[in-house]
Each structure stands twice: as structure tokens, then as C-alpha cells.
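>>> sequence? don't have it. structure:
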């Protein structure tokens, strides 16, 4: 009998203990869940503050580099950059107030381009006649004349007839062929198309003397007379306004700008 009472009491005590344990556990579980939720929320806020948000940036389009005959203009040099800016501005429509250069380009380039190509001369040299004779034309005070402004002696040495009756310097096709031969000879000497352009302007002997005297064969770093020191900048400027006329105030026209693509 006593044993039965003991068993009954043990069962009751066990049930009471279990019930108490369950009661204690339920709030604790809720509290833990609440704390966890609070902790997660807190971490989320901290993460959003600490972790930087990166926006996907579109790749920058590479800016077109100014160059002559694929020799890039060193615009990292502040002096070169300023000089280029000045000469480019001098060829803007605001300064010239005429589309004459574009008309001449449309007329001359179809003749000049295939001749340059046949002789292996870079296409950028087609701008040389525009710089040489595009503005003034006629004969210079020193005696240079024609599309490529040849001196009489140089013209004759490259197969052009220059006398009292005939002046083939004024024949676009023949003078361009002669110019190509001269340009190739200059390249054999200087090995740089930029120096070739400068030598064409000032003369090969003078250019060789300057290179030897200055111990410098980089046109952009050399100290040259004003005309030669600006010559390549003028060629690049001419190329730029013919290829991108609207950027420099010129009005687009299929007739005038038919041959500005390289």
C-alpha cells in the first residue's frame, strides 16, 4: 500500500516538474527567437552602412587620339597640347569664315589618294597640298609654286618640267607623283613620317643639321623655326577639320566633305 502511494507521488512530482520545465522553456524560446530576429536586423543595418554599394560603371569610350601618319601626338606634354590647341583653333570656321578648304579637298583628294597609295605614302599626306597651297595658291616669295609648293630645282630633279612655257608644278597628278618620290627619299633618310613632313617644309639638309646639332630626332621636342615648328601641327589641324567639320563650326555637306574618311 505504501509502495503504491510512493509510486503515485513520484508520478505526480514528475509531471509537475515536467510542466514547470515546459512553462519555463516557452517564454525563453520566444525571447531567443526575438533576440535572434533583433540581432539579424541589427547586423543587416550595420552591413548596409559599412558595406559600400558599388554601381556598375559603363566603360569609358577611348578618346580619339590626334596623330599624323599613325604617329601619335604626345598630348601628355603640356607644351605640345597647348600648341596643338592654338593651331586647331586657327583653322576653325570662326577664323577662316569659308568652306574653301573643304571644296578643294573634295576636288583634289580623288586624284591624290590613289597616287599616294600606289607609292606607299601614308594617306595623311593628302592634307599637305591644303596646307601648302590651299589658302594662298600662286608662287611664294622664295619661288615655290603649285599644289605641293615645289621649288623649281627640286621639281626638275623629280621629273617635272618647269620653264618659261610649261610649269608642271601646277599639274595636280604629275606634281603629286613627284611629291611621292621626294617623300619616299626623305623617309629613307629620316625614318619618321613626322620628320619627313618637317624636312619637306624646311629642306632635308637643314633638317639633318638640326637633328645633329640638337642631338634630337623627335620633332615634338626639337627647337625649329616658327614655320617648320608649326608645320606638323597645321597638318594635323587640317586633317581634323576635314574629318570632323561640325566639331569646328563647319556645316556638313556631302558635296564639300565627300573625301574626309581615311
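Received the coordinates, thanks. Source: prediction; values computed, not measured.

>>> point out where this structure drops to low pLDDT.
1-64, 135-137, 252-262 (pLDDT under 70).

>>> with adjacent residues omitted, what lies nearest to the residue nearest to the spatial centre of it?
Most central in the chain under CA atoms, centre = their mean is residue 65, positioned 1.5 Å from the mean C-alpha point. Distance criterion CB to CB, 6 or more residues apart in numbering; nearest residue to residue 65, sequence neighbours excluded, is residue 72 at 5.2 Å. To be clear about C-beta, it is placed using only N, CA and C from the backbone, and glycine gets the same treatment.

>>> what's around the one you found, how many residues?
10 (other CB atoms under 10 Å).

>>> would you agree it is in contact with residue 66?
Yes: at 7.4 Å, residue 72 counts as touching residue 66 under the criterion of CB atoms under 8 Å.

>>> from residue 71, how far off is the residue nearest to the centre of the chain?
With the distance defined as CB to CB, to the nearest Å, residue 65 ends up 10 Å from residue 71.

>>> cool, residue 163 as well?
38 Å.

>>> and the two? which has more neighbours close in?
residue 71 (18 against 9).

>>> just list whatever residues bridge to the more buried one.
Note on residue 71: beta-bridge partners by DSSP bridges are residue 68.

>>> quick one: contacts for the residue nearest to the centre of the chain?
72-73, 75 (CB atoms under 8 Å, 6 or more residues apart in numbering).

>>> check residue 228 too.
Residue 228 neighbours (CB under 8 Å, 6+ apart): 198, 201-202, 207.

>>> same question, residue 239
Contacts of residue 239 (CB under 8 Å, 6+ apart): 68, 124, 127.

>>> helix or strand for it, just tell me which one.
Assigned by DSSP states H and E, residue 239 falls within helix 226-243.

>>> mind listing what's buried along that helix?
228-242 (16 or more other CB atoms under 10 Å).

>>> what's the closest of those to residue 86?
Checking the buried residues of helix 226-243 against residue 86 by CB to CB gives residue 233 as the nearest, at 8.1 Å.

>>> need the contact list for the residue lying closest to the closest one once chain neighbours are set aside.
Among residues not flanking residue 233 along the chain, residue 87 sits closest, at 4.3 Å (CB to CB, 6+ apart). By CB under 8 Å, 6+ apart, residue 87 lies in contact with 230, 233-234, 236-237.

>>> same thing with residue 223?
214, 229.

>>> got the phi and psi for it?
phi -100, psi 110 (degrees, to the nearest 10).

>>> could you do residue 250 as well?
phi -90, psi 150.

>>> touching, it and residue 243? I think so.
No: counting by CB under 8 Å, residue 250 stays clear of residue 243, with 10.9 Å between them.

>>> picking up where we left off before, out of the contacts of residue 65, which comes closest to residue 221?
Distances from residue 221 to these, taken by CB to CB, are shortest for residue 73, at 12.6 Å.

>>> now the closest one, nearest residue through space, not along the chain?
residue 66 is the one closest to residue 73 (CB to CB, 6+ apart), at 4.3 Å.

>>> hmm, who's touching the helix or strand harbouring residue 153?
Here residue 153, judged by DSSP H and E, is contained in helix 152-157. With contacts defined as CB under 8 Å, 6+ apart, helix 152-157 is touched by 143, 145-146, 162, 168-169, 175, 178, 182.
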